[in-house]
Structures are given as C-alpha cells and as structure tokens.
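Colleague: Give me a model of this one.
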Amino acid sequence: MSRGAKIAAAVAVVVLFLLAVIVITQPKEQAVITDEDRLASIPASAVKMGPENDEFVPVVHSSEWQQPVPMTGPVNTAGAEDSPFMTVDGDWFFFFFTPDVTVPAQEQLYDGVTGIWWTKEIAGEWTSPERIILSDDVSLEGAECCVGLTLWFASIRADNYGEIDVFTAQYEDGVWTDVENAGEQLNVDYDIGEFHIMPNGTMMYFHTGKWDSGDSMDIWSTFKVGDEWSTPVRVPGISTDADEGYPYVTPDGSELWFMADSRLGEGYTGPAIFRSVKQTDGTWGVPEEIISNFAGEPTLDDDGNIYFVHHYFVDGEMVEADIYVAMKN
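Modeller: The predicted structure follows:
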C-alpha cells in the first residue's frame, strides 16, 4: 500500500517512460475532469467489492469506535480509491483514484483520470468529486496532505530530482495553482516517503527506509526553521525492526497513527492501523493495534472518526480498494 494505489510500484519503468515524452504526442488535459469521467473510465468488467464479498473484513479492536464500513457518499466506486486525507475541519476530503489496479503505472499516466481527487462536505453531504489538475504535462500524483490552503503531494514527472518528488500547490480563486517542487533537502537529502504535516506547517512526520541507510521503514520527524528543515529524528517508541509508515498526527499532537503489519497473530492479515498516545512526560506510549485486515493510511476528522483505505484481495490478488470509516462512539 504505497503512494496511493501503489504508484511507487514500477517506478523505474515510469521514469523511463517519462524520458520518452519528447517523442510522443500528448493529449491536452481537460479543464475540468468530473466524476462522470471517473465513472466512465472504470472497466465494464469491474466487480464492485464490499463487506458482502470481502475475504478480509476490517475489524476494530477498541470500544472507542464502531466496526468499519465503506464511506458513504460518492467517493467509492468499482475502481480503486486510496490514500485518503481529511482536512482539520473535516470539510475537505482528498483521495487517490485509478480505474483499474491491474493497469501498469506507465499507462495510468495517460488515462486522464488517475491522480488526486477531492470532495467537499456541504450541508452534511459530500459533493461530486473532481480531479485536481497539478500539471499541464505528463505526471502522476498521490500521497496528498493539505495544510490550510497548501496542498502537499508526491509526483512522478520528468523534471524531478529523483524518481518521486514532493511538491506543493496553493488554492486560489477556486483552483489549485503555483505548483512548486518542495526542494532538494526533502527530496534528495532526506528522500522522504509518505508524510504528514502539522497544522502550523512547521512540523513534519514522514516514513523512509533510505535516509539513514536502514533496512526497515521507520517514522521520522523534522521541523522547519526559516527555509530549512532540521535533521530528521527517528520517532522514539514507534520504530521497530519491522516496517512502520504512513503517519498521521492529530491536530493537537496527542495521538500518532500509523500503518504496520498486524501484530495480533493468526486470524488477522496484512497491514493494520496503530495508535500511540502521547504521555504526560512527552514520550509516545506503546502503540496499540486499532484496526486489522488490510487497513492502512489512516486519517481522522474533527470528530475522531477514522478514515482509511481497505484493499480487497481475491485469491491472493488485489482487485479493488475503497475508503472505509470507523465512527467514533
């Protein structure tokens, strides 16, 4: 489960494909890519999955939340919704979409619909999602995090420092504009993976398995001083010899959520969602497994409801993905 519907998979192939852009005629981007376009892109053969035909139904282990269900509204389809992010006020919801998980990433570049989508909550209802256009050239975006009116995201594109770089965009007059690379320090020196930025915009949590040449994926933190980011520090009490990643921290800084393989033994399969609560002495408490069975990339709304991606597997193959929610009791 990486970079929204596994955009990191086949990265080497994608990069080579991007280098060939100069000899290929590219279709122009639509001014607005609507939910009708998204639905029309899903193969007719796609089967909509749900709890009724799920081999690995997500399970909550805490009495603080109800058992997870697919998110209501227009987000979930027979395609793959992934990489969810909810703004602090709970009014904007972002997700990654691709119509067919079996299509290689280099082909997703040209389908016109794969990328970051968003929807707004108005009068208790989610609006029809729209794709966010973040390039007028060939690119593939995901792993989004919105802080105020600034959207942070990862992108595969031709002029990157590396294979996948982090960028920012600004929301102005109803459109996302002023797209900029987040810089060499984050993208080369630290080579950050999936990240979460606190509401003040100066504290970042991220995962990486590369920055200190470690073998496992760990969660790190860094803070901004002026135009620079501090030397990353591995978050104590969270990182182990196993992989931990996809961090989310509540706006008040009291809870750190992340994804790691289930640690509950037989009966629970694949990635799970963990929570660590900050202690009175400022340290992070022992992580607790909250949701199991192919549950990942947690994000919370202002009521404490947990939104996450759930991947459906049939005969060992991932066939679809939806956004699930566990409502706070």
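Colleague: So, low pLDDT: which residues of the stretch 51-200 of the chain?
Modeller: In the prediction, the stretch 51-200 of the chain carries no residues with pLDDT under 70.
Colleague: how about the strands in it?
Modeller: Taking DSSP state E, counting those that start in this stretch to define them, one finds strands in the stretch 51-200 of the chain at 59-60, 69-70, 80-86, 92-98, 115-122, 125-126, 130-131, 139-147, 150-157, 165-172, 175-181, 195-197.
Colleague: same thing with the stretch 201-329 of the chain?
Modeller: Under DSSP E, counting those that start in this stretch, the stretch 201-329 of the chain gives strands at 203-208, 218-225, 228-229, 233-234, 244-249, 255-261, 271-277, 288-292, 295-300, 306-314, 317-326.
Colleague: coming back round to it: minimum distance to residue 289: which of the strands of the stretch 51-200 of the chain has it?
Modeller: Using C-beta to C-beta as the measure, strand 59-60 is the one of those that comes nearest residue 289, at 9.9 Å. Every residue, glycine included, has its C-beta placed from N, CA and C.
Colleague: Please identify the buried residues of stretch 275-293?
Modeller: 275, 276, 278, 284, 287, 289, 290, 291, 292, 293 (16 or more other C-beta atoms under 10 Å).
Colleague: what about it, start to end distance?
Modeller: Start-to-end span of stretch 275-293 (C-alpha to C-alpha, to the nearest Å) is 16 Å.
Colleague: and it, what's its mean pLDDT?
Modeller: For stretch 275-293, the mean pLDDT works out to 96.
Colleague: How far off centre is that stretch?
Modeller: Centre-to-centre, stretch 275-293 and its host chain are 21 Å apart (C-alpha atoms, centre = their mean, to the nearest Å).
Colleague: does residue 286 really touch residue 238, like I thought?
Modeller: No. Taking contacts as C-beta atoms under 8 Å, residue 286 lies outside contact range of residue 238: 9.6 Å.
Colleague: Now do the shared contacts for those two.
Modeller: Taking C-beta atoms under 8 Å, 6 or more residues apart in numbering as the contact rule, residue 286 and residue 238 both touch residue 276.
Colleague: Span of stretch 134-154 from start to end?
Modeller: By C-alpha to C-alpha, one end of stretch 134-154 lies 11 Å from the other end.
Colleague: residues touching residue 312, list them.
Modeller: 49, 54, 55, 56, 294, 318, 319, 320, 321, 322.
Colleague: Pick out the most distant pair among the buried residues of stretch 275-293.
Modeller: 278 and 293, at 26.9 Å, using C-beta to C-beta across the buried residues of stretch 275-293.
Colleague: Quickly note the distance from residue 245 to residue 207.
Modeller: 3 Å (C-beta to C-beta, to the nearest Å).
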